[in-house]
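Participant: please find the sequence and the predicted model below.
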There are 2 protein chains.
Amino acid sequence: MPSLPEALAAIVGAPHVLSAAADTAPYCTDWRGRYVGSALCVVRPGSTAEVAAVVKACAAAGVAVVPQGGNTGLCGGATPTQGEVVVSLVRLNRIRAIDSANNTLTVEAGCTLAAVHEAAASAGRLFPLSLAAEGTATIGGNLSTNAGGVQVLRYGNARELCLGLEVVLPDGQVWDGLRGLRKDNTGYDMKHLFIGAEGTLGLITAAVLKLFSRPRQTATAWAAVADPAAAVALLTRLREHIGGRVTAFELVARPALDLVLKNVPGSRDPLAGRPPWQVLIELSDTMDFDLAAPLEVVLAAAMEDGAVSDAVVAQSDAQVRALWALRENISEAQKIEGVSIKHDISLPVSRIAEFIARADAALEAAFPHVRIVCFGHVGDGNLHYNQSKPAAQDNVAFIAQTDAVNRLVHDLVHELGGSISAEHGLGQLKRTEILRYKSATEMEMMRAIKQALDPRGLMNPGKVL
Amino acid sequence: MPSLPEALAAIVGAPHVLSAAADTAPYCTDWRGRYVGSALCVVRPGSTAEVAAVVKACAAAGVAVVPQGGNTGLCGGATPTQGEVVVSLVRLNRIRAIDSANNTLTVEAGCTLAAVHEAAASAGRLFPLSLAAEGTATIGGNLSTNAGGVQVLRYGNARELCLGLEVVLPDGQVWDGLRGLRKDNTGYDMKHLFIGAEGTLGLITAAVLKLFSRPRQTATAWAAVADPAAAVALLTRLREHIGGRVTAFELVARPALDLVLKNVPGSRDPLAGRPPWQVLIELSDTMDFDLAAPLEVVLAAAMEDGAVSDAVVAQSDAQVRALWALRENISEAQKIEGVSIKHDISLPVSRIAEFIARADAALEAAFPHVRIVCFGHVGDGNLHYNQSKPAAQDNVAFIAQTDAVNRLVHDLVHELGGSISAEHGLGQLKRTEILRYKSATEMEMMRAIKQALDPRGLMNPGKVL
């Protein structure tokens, strides 16, 4: 009888089964190097039928499966722990169909997000999901983790951008749910169960995505505000005057901006006077409509009220890129600065200011000299509320505080009705942490669902639950 | 030991338990009178705690529960079959919270959709779900059936408008999932499982709803097109020029319009020459932006191409109301005309024209003199593709053809990648019909979910599954 790797080689071809440690290593660790596991082998099927046969063979052998896309996750959701079969979806990278009249795109799970953007553009449409790793991250991974990013305010998370799925189930059956329908009320919505399940209920092999009209105009501004409450008030004011055209609204605290100015060459502070808080605003319109004018009107009114102390509206594409670079380089700048403790949290937008004030005060009291690096998609209530190591502290001592810092931050998030994982998922990182915050009732329901769809626990074990 | 109605009276108070047949009758039949069942009793709890205690008492007694809101459903999803306890949610009608900065509204399940609109308006916001029964239909019922309506094109179905739920589970536990978060990736999305489940997995008692900026401007037009393909082409053209401002795009076939002109006093054809197909277009904008101008530009270009043969842009609120009345009175006009066979179907927008051509031809061949009344939310791919009785045929003979007509229509819908229930749900009406079209794999998953969350089958039995 052939071994499991031999059986898998018979399905996908020997070159697409990797067993040597040197070959499997890149698939067995996440890109931040936080999780290092081992795999029985890595399989790279080339079609949905091959994925199904691979999963069926693994199920027959009682060996667990770890689905993996671009392996850009931040929570260890796509790396094996010990001895699983990693199923890499990167060879499932065909654009299956573009339907312009229906505004849909059917793609395989291994397409990179960048490739999906290109396919949408080729049809004169927009696929709005946008995030830093889009050149490597795959749409299958984006859906499995319900990815967010900078355009959620206007277009929603990955979940909202998907109409249908094709999924290989834990026993190797294929569920063809590739429907391109805006309305379909024929029973339980299985699609939404697989989206965000991080591969623990089945393996997404293809999806039908929503397309949108492309923006013809954008306007971008950088504004200084006194504090987070003023930022939220400015967002409300913008929405009241400009409504759905507000596409992004990002908050950047002074320490976050300072890290970029220090560590990323060519960065320049757009405003004088070192304001403590700033927001990056982007408006867009699918028609030729002068967005800068109403943006200037709102900012001028806010400056008159004192709600905004200073602001600049970008006058060229280069200026737009420079403003966005300040926001997008924060993570990189923080990495250059040294080790950090990160929190990807969300709150009702109305509780953002209270959260930051209380969390800052509590952290400063408990951890003298802590450097709080706060920024994020405040329009979605999503903060990246991070801590960088004080210059004088050594790495080990700083990292040793992680659990205590998490406890303080996450307890406050929970008290204010927030989530301890806004857009990154649970993976391995937060699967025990969540037990502190989710009700027993909700955990019990999640376990019942897992038991119903994957009774043998063979799909991505040790993640989420 | 007290009887179950006595136990329930101890929970909710005797006046809120109805047992006499005359009292329970309105709760035991749907508003179209198609489904008539019987209930052990009707209970009207006044709080979530009371709902939980009621469900727990029923579970202890092994008696099934039927959740009911405004009882305006079209598929018999909210009426009992025999001997269940009907739990009417109409007394749970408080607006629990309005959060303007977070753009959310927390409401109890028994609030009518109209009351939800009012609460949103009181905060200067819009809750966009809109449908004919909104004065009676409750938000709990809207969510349980994932209601659609005329604004889905722009804002999505009920599902897309909900951020969080409170649900009483089949064993009487309360799941507090009332989160007001735009991003929350902490495990399986249980909310989406209860939405659209028609009360078969649990009983929705409250919800957090998304609010939007109110439109400041609208523009409304009525345009004549040669056929459905021209209608879809006009929609694509509008979206390319006007993008997200297209709020509604409704198709009306000549026979549907003729029924309104005949049966609804005061109706007037907006265009001369009896065009065979017409579309009702609505644009909206949250800023003061002259929408009539670009609408006229697109319509003029379409007329030059011959894609549109005639069109009128409403010049007053009265004209807007008159145009919408033509669309909204179709169902009523069809009811006045006599018995009908109805289909609430959806298709990819790109298959609409092919569907109508092929379904019309097949029906006319199989059922001579059949009167096809076709209209719907074509922008969502959702058609109400109905048949009215030929004048010369008697009711019994016409209705006897229902199964044969359904078979022909639904088989074609399925062949073209559509859904046999776009916005009305399965209820009792289509729960066996769906077995013909859903894969065994999908039905098996749905049954596994039902078994996991309601192992004793006590929540709304005989519906959906």
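Facilitator: Everything's here; your move. Predicted, not measured: the structure shown is a model, and the values here were computed from it.
Participant: so residue A:196 sits right up against residue A:147, yeah?
Facilitator: No: the criterion here is CB atoms under 8 Å, and residue A:196 misses it with residue A:147 at 9.4 Å. Just so you know, the C-beta spots here come from the backbone N, C-alpha and C atoms, and that holds for glycine as well.
Participant: more crowded one of these two?
Facilitator: Shown here are residue A:196 and residue A:147; by other CB atoms under 10 Å in any protein chain shown, residue A:147 has more neighbours (30 against 25).
Participant: separation between the residue nearest to the more buried one when sequence neighbours are not counted and residue A:131?
Facilitator: For residue A:147, ignoring the flanking residues on the chain, the nearest one in space by CB to CB, 6 or more residues apart in numbering or on different chains is residue A:158 at 4.6 Å. To residue A:131, residue A:158 is 10 Å away according to CB to CB, to the nearest Å.
Participant: mutual contacts of the two, please.
Facilitator: Here residue A:158 and residue A:131 have A:142, A:147-148 as joint contacts, going by CB atoms under 8 Å, 6 or more residues apart in numbering or on different chains.
Participant: still on that earlier bit, settle it for me: which of residue A:158 and residue A:131 has more neighbours?
Facilitator: Set side by side, residue A:158 and residue A:131 show more neighbours around residue A:158, with 26 against 18, by other CB under 10 Å.
Participant: any chance of the shared contacts of residue A:158 and residue A:131 in JSON lines, plus distance to residue A:185?
Facilitator: Shown next, in JSON lines, are these (distance: CB to CB, whole Å):
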{"residue": "A:142", "distance to residue A:185": "26"}
{"residue": "A:147", "distance to residue A:185": "26"}
{"residue": "A:148", "distance to residue A:185": "27"}
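Participant: out of the residues you listed, which comes closest to residue A:181?
Facilitator: residue A:142 (20.9 Å; CB to CB).
Participant: element containing that closest one?
Facilitator: helix A:139-144 (DSSP states H and E).
Participant: next one: whatever helix or strand comes next after that helix to chain centre, how far?
Facilitator: The helix or strand immediately downstream of helix A:139-144 is helix A:152-155, counting by DSSP H and E. In terms of CA atoms, centre = their mean, to the nearest Å, the centre of helix A:152-155 is found 13 Å from the chain centre.
Participant: which residues does residue A:416 contact?
Facilitator: Contacts of residue A:416 (CB under 8 Å, 6+ apart): A:347-348, A:351, A:354-355.
Participant: out of these, who's the most crowded?
Facilitator: The residue in the contacts of residue A:416 with the most neighbours, by other CB under 10 Å, is residue A:347 (29 neighbours).
Participant: any idea how far chain B is from that residue?
Facilitator: Distance, residue A:347 to chain B, by CB to the nearest CB, to the nearest Å: 7 Å.
Participant: returning to that earlier point: ok, now which ones touch the residue nearest to residue A:147?
Facilitator: The neighbours of residue A:158, taking CB under 8 Å, 6+ apart as the test, are A:129, A:142-143, A:145-148, A:195.
Participant: tell me the centre residue of chain A?
Facilitator: Most central in chain A under CA atoms, centre = their mean is residue A:147, positioned 3.6 Å from the mean C-alpha point.
Participant: so it makes contact with residue A:422?
Facilitator: No: shown here, residue A:147 and residue A:422 do not form a contact pair, counting by CB under 8 Å, at 10.9 Å.
Participant: rewinding a little: in TSV, list the shared contacts of residue A:158 and residue A:131 along with pLDDT and distance to residue A:274.
Facilitator: Shown next, in TSV, are those (pLDDT from 0 to 100; distance: CB to CB, whole Å):
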residue	pLDDT	distance to residue A:274
A:142	98	37
A:147	96	34
A:148	92	30
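Participant: ok, those residues vs chain B, which is closest?
Facilitator: The nearest member of the shared contacts of residue A:158 and residue A:131 to chain B, counting by CB to the nearest CB, is residue A:148 at 5.3 Å.
Participant: contacts only, for residue A:175.
Facilitator: Residues in contact with residue A:175 (CB under 8 Å, 6+ apart) are A:165-169, A:190, A:202, B:439, B:441-442, B:445.
Participant: restricted to helices, list those.
Facilitator: B:441-442, B:445 (DSSP state H).
Participant: show the buried residues in the residues you listed.
Facilitator: B:441-442, B:445 (16 or more other CB atoms under 10 Å in any protein chain shown).
Participant: check those residues against chain A, which are close?
Facilitator: Residues of these in contact with chain A (CB under 8 Å from any CB of the partner chain): B:441-442, B:445.
Participant: in TSV: the residues you listed, plus pLDDT.
Facilitator: Shown next, in TSV, are these (pLDDT from 0 to 100):
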residue	pLDDT
B:441	98
B:442	98
B:445	98
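Participant: which one of the residues you listed is nearest residue B:313?
Facilitator: Nearest to residue B:313 out of these is residue B:442 (CB to CB; 44.7 Å).
Participant: isn't that closest one right up against residue A:177?
Facilitator: Yes: contact criterion CB under 8 Å: residue B:442 and residue A:177 qualify, at 6.9 Å.
Participant: what touches both of these two?
Facilitator: Counting by CB under 8 Å, 6+ apart, the shared contacts of residue B:442 and residue A:177 are residue A:190.
Participant: between the buried ones among the ones in helices among the contacts of residue A:175, which sits nearest residue B:302?
Facilitator: Checking these against residue B:302 with CB to CB, the nearest one is residue B:442 at 40.4 Å.
Participant: look up how far residue B:390 lies from the closest one.
Facilitator: Counting by CB to CB - residue B:442 and residue B:390 are separated by 37 Å.
Participant: same check, this time on residue A:155
Facilitator: On the measure of CB to CB, residue A:155 and residue B:390 end up 47 Å apart.
Participant: circling back: closest to residue A:461 among the contacts of residue A:158?
Facilitator: Lowest distance from residue A:461 to those (CB to CB) belongs to residue A:145, with 17.1 Å.
Participant: burial count for that closest one?
Facilitator: Residue A:145, neighbours per other CB under 10 Å, totals 30.
Participant: what do you get for residue A:122?
Facilitator: When neighbours are counted by other CB under 10 Å, residue A:122 comes out with 11.
Participant: I'd assumed residue A:98 was in contact with it.
Facilitator: Yes: Residue A:122 is in contact with residue A:98 according to CB under 8 Å; the separation is 7.4 Å.
Participant: where along the stretch 351-465 of chain A do the helices fall?
Facilitator: A:352-366, A:395-399, A:402-415, A:440-453 (DSSP state H, counting those that start in this stretch).
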